[in-house]
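# Sequence unavailable; structure follows:
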């Protein structure tokens, strides 16, 4: 095992071979994780990224100052906006360099009490994908846990839309005003859509991914959601940014059109209404298809205190702040619609890492090794310089068989 790596083992279901022919009935039995590597010139969280047609990674970051050319940045350096659009280049994860393309000032400045907000919520970016050289990002209205009224102080997410950019993030359509007035997905049932990643610009073809864009959404929470719904839209229709073009998985063989409905209220037969149902342990996240394994990997994450909000419940559990301790549960599946099976788990303390994003660009051909974007404890945000966890962190992961 490499220095600085930690192994975690749990049983799991069988894998079938992909591009790299795994032995028949090979099982993932655990994971090895490297120590996080922090990019001190970054600031923000929820670093969700897509490997685009030009070979670069385009990443959205929430509550962010973006990526600076300074060696170390903190909140005092530049605008701290609700979300930024960033680009990272490099053929090796160790040599990755980045900069901010757009600070998305039209979507407002970050903070728990947003000014000039008719609904008391803030804009946050979630999933990102690229289709035929067009970037797409899901954006929604989030209400911080201290204000949301949720019994567990979770941050709620609702009234989500998708925006698009023809120039690699420099300009965007639809406008914030349009998204606020006429959101694509009203309410919270598809409040946090994250696109499933299929290699470079979706070039890996599996389970109709050559025809459809798939997205996973929990039931409307940034932290500690309860379950996941699966939606899809035709690649030929996504550019229209019309919610009526989307369909939702209803059960059975997802390769058949009969297993999908345009009714977002339709439940998944035999699965409690969702493709994955783990109450309180489903922070918003996405999934990645690893072609070498012919398998999907999804990392569920949650705060052990019940939410990321620093509340009395967290203090009673002996945590200095709720943001210092999270759990990552690793799941795998042969299909985007499941069945999803947990094969490993890891607790982060005091880093409190959250919103993990699997980078297919840096996955080995056999799918056994890949890298992850994540970030640390947001409650360290008032710290200065290198003491601040609230940055882009990179973790390398190796699957154990």
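Yep, that arrived. Treat the numbers as computed from the prediction; the structure is a model and nothing was measured.
# can you give me the helices for the stretch 51-200 of the chain?
Chain-ordered helices for the stretch 51-200 of the chain, with DSSP state H, counting those that start in this stretch as the definition, fall at 176-181.
# quick one: low-confidence parts of it?
112-116 (pLDDT under 70).
# Count the neighbours of residue 262 for me.
11 (other Cβ atoms under 10 Å). The C-beta positions use only the backbone N, C-alpha and C, and glycine is treated the same way.
# The spatially most central residue of the chain and residue 278: what is the separation?
Centroid check for the chain by Cα atoms, centre = their mean gives residue 285 as the closest residue, at 3.5 Å. According to Cβ to Cβ, to the nearest Å, residue 285 and residue 278 sit 12 Å apart.
# hey, what's in contact with both of these two?
Counting by Cβ atoms under 8 Å, 6 or more residues apart in numbering, the residues touching both residue 285 and residue 278 are residue 300.
# just the strands in the stretch 51-200 of the chain please.
57-67, 81-89, 97-102, 122-131, 134-143, 156-165, 194-195 (DSSP state E, counting those that start in this stretch).
# could the ones you listed be laid out in JSON lines, adding distance to residue 227 and mean neighbour count?
Output for these, formatted as JSON lines (distance: least, Cβ to Cβ, whole Å; neighbours: other Cβ atoms under 10 Å):
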{"stretch": "strand 57-67", "distance to residue 227": "22", "mean neighbour count": "27"}
{"stretch": "strand 81-89", "distance to residue 227": "25", "mean neighbour count": "23"}
{"stretch": "strand 97-102", "distance to residue 227": "33", "mean neighbour count": "19"}
{"stretch": "strand 122-131", "distance to residue 227": "16", "mean neighbour count": "24"}
{"stretch": "strand 134-143", "distance to residue 227": "17", "mean neighbour count": "24"}
{"stretch": "strand 156-165", "distance to residue 227": "14", "mean neighbour count": "23"}
{"stretch": "strand 194-195", "distance to residue 227": "14", "mean neighbour count": "26"}
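# between those, which one is nearest to residue 378?
Residue 378 lies closest, by Cβ to Cβ, to one member of the strands of the stretch 51-200 of the chain: strand 57-67, at 7.1 Å.
# tell me what that closest one is packed against?
strand 42-51, strand 81-89, strand 97-102, strand 122-131 (3 or more Cβ pairs under 8 Å, 6 or more residues apart in numbering; DSSP states H and E).
# Of all the ones you listed, which one is nearest residue 75?
With respect to residue 75, and counting by Cβ to Cβ, the nearest of those is strand 42-51 at 6.9 Å.
# Partner strands of that closest one and their direction?
strand 57-67 (antiparallel) (DSSP bridges).
# how far does the strand it pairs with sit from the chain's center?
Distance, stretch centre to chain centre, for strand 57-67: 13 Å (Cα atoms, centre = their mean, to the nearest Å).
# Against which helices or strands is the host helix or strand of residue 231 packed?
According to DSSP states H and E, residue 231 maps onto strand 227-234. Using 3+ Cβ pairs under 8 Å, 6+ apart as the contact test, the elements touching strand 227-234 are strand 212-218, strand 247-249, strand 276-277.
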